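*Asks:* here are the coordinates; sequence isn't available:
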């Protein structure tokens, strides 16, 4: 047995004899059932809210004894032509969160390239392919075509943003109607038509270590500087915020699980929190009373139809049920946002973000329209 | 799939079974035998108990209702033979599914009325309760109307202890015990509010837990269905019928949750002889949550009416005196049901709109209601907001 495999079996908790065979005690029987060391490929996006999923998913899969390669989108030629990205080759990208963490993950193989350019693809074959990159058919099709017939399981990390808002029941369940314009839906239809053994996951907003996109930090930016927090009225809107580790653990539950094939799952926390609730929780962690200013984006002229310029979330209820994953995948979230807030605030201050400049121009526009003075 | 109603008295117990419908695995119910129990129900003539008592008798249990006898011990429910309903049911045939056929008929009602037993007494007379219940041999207690811990004590005293027959004490608590929170839904492990108006229920749960008895506490959210004496859906139906706008406090984006009374009865029944129910608390309600505005729309759909006009008002601008302007507490109020789904083998059968339709078709839509229409509060709101006043059609 190769050294690497031996090491990964040990890492998975399988007791191994001197010749590398799994020792059949009760405990190793449990872990031996799980491990069929799959070769996993995670195709990862270069930015945005999903960028750090690859890192955390890789850690989960490695801990289960799988072989993991991240194929990160980072096309130097494309990027280097555009300002300000002209400085960001894959070398620069890999110096930013979450990519700079890749080096610290033992056993993780990282490959940079472009998922739409086969010449940049890593060596296969792979048993499980995760697409945590594309959002529409153009960006996803090349990978799907390459994976077809090769992989035992194709996992598409889509988005719950594809659900159509419902004006009676705000919670999104798998199977609910989705927007006809959603690019993800076209990709799913292609996966279905091409007969891949696919699973589709639909995350919502994600927070946690090494993110490339702010979530709760927007609230900390304002409260820690004793600035008013402008929140789209009425402030009771509910949003599901999920810790990236819970997202990763659900994605990692897929290899070796045929029941998940051709299924959709929402990936999210089983809790929701209101906008004012987030402000209050952050304030409590900072020992400050947040100054909440409720405003109408439409009246102030900074947005409409569920959007508000400068606000990190869509302005209507946005939550989904992950009960299906609980029932079928045996998954359970370990985090709740409210419990995580103190640690999130500590991470913010440990990184010295309270000393950094923040662009409050949209806040000022809103506050002056509301005749509130910072 | 309603549990089979065997001719000789089925002894069936809903049990979790996974079935795949529409590509989604769902918990459905299949039937499995549970031995018949001698059941005592405290209350049982008003709403929840009406449905539960019926189901328990159908399942072959011996049911005794302990009530003061002020209301008829048995009364026909909307599903029973109402001449008009029977006609409706026979013309509808199988369109609404199994549920319609399983609902009461003349035969079912007569059987129920003759099978159910009664103990007449005031449960507030604790010594009398002890006298009446000592040595009675009840195996399962459904405490539907208990509000304070002292009310449960005589039951425990007389039915547990040496020679006691009690196997299970199943209590109807309330999700109103949860401490208000910005993070939702309420889950069974969340903090409770000992200062709330439901603290009596909390104290009862506490007593049950400390007593060591095999108890289960059920915490419903808002209950609805035919014969609801709490004007939840009735509030909306009155306004929809009158063609009036529906006045909703605040933004109308507050999120809440309704549970059909028959689903609640199923949940209670699923506790009997169920080891997973032992010493546990379960939230029971519908699977989906609903906004205040959404509920107005859902009631209109259920009534077959067009989308209603919704008018928002700030409750702080008014003094309504003793009258309630809206049937729901002005906050997010909903609870997760996944614990009951996982452990009790129960899942709600009614979605919101088909549940409201059941309530409408069998109750309000037949011209019945508990409270007559009263639009005084609405007119106050409308006039203050400068909206035109309405007259009855």
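*Replies:* In hand now; what should we look at? Remember, predicted model here, so these are calculated numbers, not experimental data. Numbers count the residues shown, from 1 in each chain, chains lettered A, B, ... in the order given.
*Asks:* measure the closest residue to residue B:46 other than its chain neighbours to residue B:223 for me?
*Replies:* Computed as Cβ to Cβ, 6 or more residues apart in numbering or on different chains, the closest residue to residue B:46 that is not its neighbour in sequence is residue B:229, at 6.1 Å. C-betas here are computed from N, CA, C, even on glycine. Applying Cβ to Cβ, to the nearest Å, the value for residue B:229 to residue B:223 is 10 Å.
*Asks:* the two: which has the busier surroundings?
*Replies:* residue B:223 (21 against 10; other Cβ atoms under 10 Å in any protein chain shown).
*Asks:* make sure that one is indeed in a strand.
*Replies:* Yes - using DSSP: H, G, I helix; E, B strand; the rest coil, the assignment for residue B:223 is a strand.
*Asks:* ok, it touching residue B:257?
*Replies:* No - the criterion here is Cβ atoms under 8 Å, and residue B:223 misses it with residue B:257 at 10.5 Å.
*Asks:* if we can go back for a sec, overlap in contacts of residue B:229 and residue B:223?
*Replies:* Shared contacts of residue B:229 and residue B:223 (Cβ atoms under 8 Å, 6 or more residues apart in numbering or on different chains): residue B:47.
*Asks:* check contacts around residue 278.
*Replies:* Let's take chain A. Applying Cβ under 8 Å, 6+ apart, the residues near residue A:278 are A:216, A:219, A:239, A:241, A:337, B:182.
*Asks:* correction: the question concerned chain B.
*Replies:* Taking Cβ under 8 Å, 6+ apart as the test, what residue B:278 contacts is B:214, B:216.
*Asks:* mind checking how far residue B:58 is from chain A?
*Replies:* Distance of residue B:58 to chain A, given as Cβ to the nearest Cβ, to the nearest Å: 29 Å.
*Asks:* grab the nearest non-local neighbour of the most centrally placed residue in chain A.
*Replies:* Residue closest to the average C-alpha location in chain A (Cα atoms, centre = their mean): residue A:50, at 3.8 Å. Of all residues not flanking residue A:50 in the chain, residue A:132 sits nearest, at 5.7 Å (Cβ to Cβ, 6+ apart).
*Asks:* for that neighbour, the count of nearby residues, please.
*Replies:* 25.
*Asks:* again, but for residue B:366
*Replies:* Neighbours around residue B:366, by other Cβ under 10 Å: 15.
*Asks:* so what pLDDT did it get?
*Replies:* Note on residue B:366: pLDDT of 92.
*Asks:* one more: residue B:85?
*Replies:* Reported pLDDT for residue B:85: 43.
*Asks:* contacting residues for the closest residue to chain A within the stretch 51-200 of chain B?
*Replies:* The nearest approach of the stretch 51-200 of chain B to chain A comes at residue B:182, 2.6 Å away (Cβ to the nearest Cβ). Applying Cβ under 8 Å, 6+ apart to residue B:182 gives the contacts A:273, A:274, A:276, A:277, A:278, A:280, A:281, A:338.
*Asks:* repeat that for 6 Å
*Replies:* Counting by Cβ atoms under 6 Å, 6 or more residues apart in numbering or on different chains, residue B:182 touches A:273, A:274, A:277.
*Asks:* quick check: residues of chain A near chain B?
*Replies:* A:168-171, A:175, A:234, A:236, A:271-274, A:277, A:323, A:328, A:338 (Cβ under 6 Å from any Cβ of the partner chain).
*Asks:* which one of the residues you listed is nearest to chain B?
*Replies:* The closest of these, once distances to chain B are taken by Cβ to the nearest Cβ, is residue A:277, at 2.6 Å.
*Asks:* sec struct for the closest one, please.
*Replies:* Residue A:277 ends up helix, using three-state DSSP.
*Asks:* tell me which stretches of chain A form helices.
*Replies:* A:3-11, A:26-34, A:53-63, A:76-80, A:90-93, A:137-147, A:183-193, A:217-223, A:244-251, A:275-286, A:297-300, A:323-329, A:337-350, A:361-369 (DSSP state H).
*Asks:* can you redo the ones you listed as JSON lines with mean pLDDT and distance to residue B:59?
*Replies:* Output for the helices of chain A, formatted as JSON lines (pLDDT from 0 to 100; distance: least, Cβ to Cβ, whole Å):
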{"stretch": "helix A:3-11", "mean pLDDT": "43", "distance to residue B:59": "52"}
{"stretch": "helix A:26-34", "mean pLDDT": "42", "distance to residue B:59": "39"}
{"stretch": "helix A:53-63", "mean pLDDT": "97", "distance to residue B:59": "46"}
{"stretch": "helix A:76-80", "mean pLDDT": "42", "distance to residue B:59": "68"}
{"stretch": "helix A:90-93", "mean pLDDT": "65", "distance to residue B:59": "65"}
{"stretch": "helix A:137-147", "mean pLDDT": "96", "distance to residue B:59": "52"}
{"stretch": "helix A:183-193", "mean pLDDT": "96", "distance to residue B:59": "44"}
{"stretch": "helix A:217-223", "mean pLDDT": "98", "distance to residue B:59": "53"}
{"stretch": "helix A:244-251", "mean pLDDT": "98", "distance to residue B:59": "39"}
{"stretch": "helix A:275-286", "mean pLDDT": "98", "distance to residue B:59": "44"}
{"stretch": "helix A:297-300", "mean pLDDT": "94", "distance to residue B:59": "55"}
{"stretch": "helix A:323-329", "mean pLDDT": "95", "distance to residue B:59": "26"}
{"stretch": "helix A:337-350", "mean pLDDT": "97", "distance to residue B:59": "42"}
{"stretch": "helix A:361-369", "mean pLDDT": "95", "distance to residue B:59": "61"}
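*Asks:* now render those helices as a markdown table, adding distance to residue A:154.
*Replies:* Shown next, in a markdown table, are the helices of chain A (distance: least, Cβ to Cβ, whole Å):
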| stretch | distance to residue A:154 |
| --- | --- |
| helix A:3-11 | 23 |
| helix A:26-34 | 20 |
| helix A:53-63 | 15 |
| helix A:76-80 | 25 |
| helix A:90-93 | 25 |
| helix A:137-147 | 6 |
| helix A:183-193 | 7 |
| helix A:217-223 | 33 |
| helix A:244-251 | 12 |
| helix A:275-286 | 35 |
| helix A:297-300 | 39 |
| helix A:323-329 | 16 |
| helix A:337-350 | 31 |
| helix A:361-369 | 40 |
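*Asks:* number of nearby residues for residue B:212?
*Replies:* 10.
*Asks:* give me phi/psi at it?
*Replies:* Here is the backbone geometry of residue B:212 (degrees, to the nearest 10): phi 80, psi 0.
*Asks:* ok, it to residue B:166 distance?
*Replies:* 11 Å.
*Asks:* phi, psi for residue 215 please.
*Replies:* By default, I'm working from chain A. phi -130, psi -90.
*Asks:* was after chain B, sorry
*Replies:* Per degrees, to the nearest 10, the backbone of residue B:215 is at phi -110, psi 160.
*Asks:* wait, it sits on residue B:167?
*Replies:* No - contact criterion Cβ atoms under 6 Å: residue B:215 and residue B:167 do not qualify, at 10.8 Å.
*Asks:* look at these two and report which has more neighbours.
*Replies:* Just comparing residue B:215 and residue B:167: by other Cβ under 10 Å the higher neighbour count belongs to residue B:215, 26 against 17.
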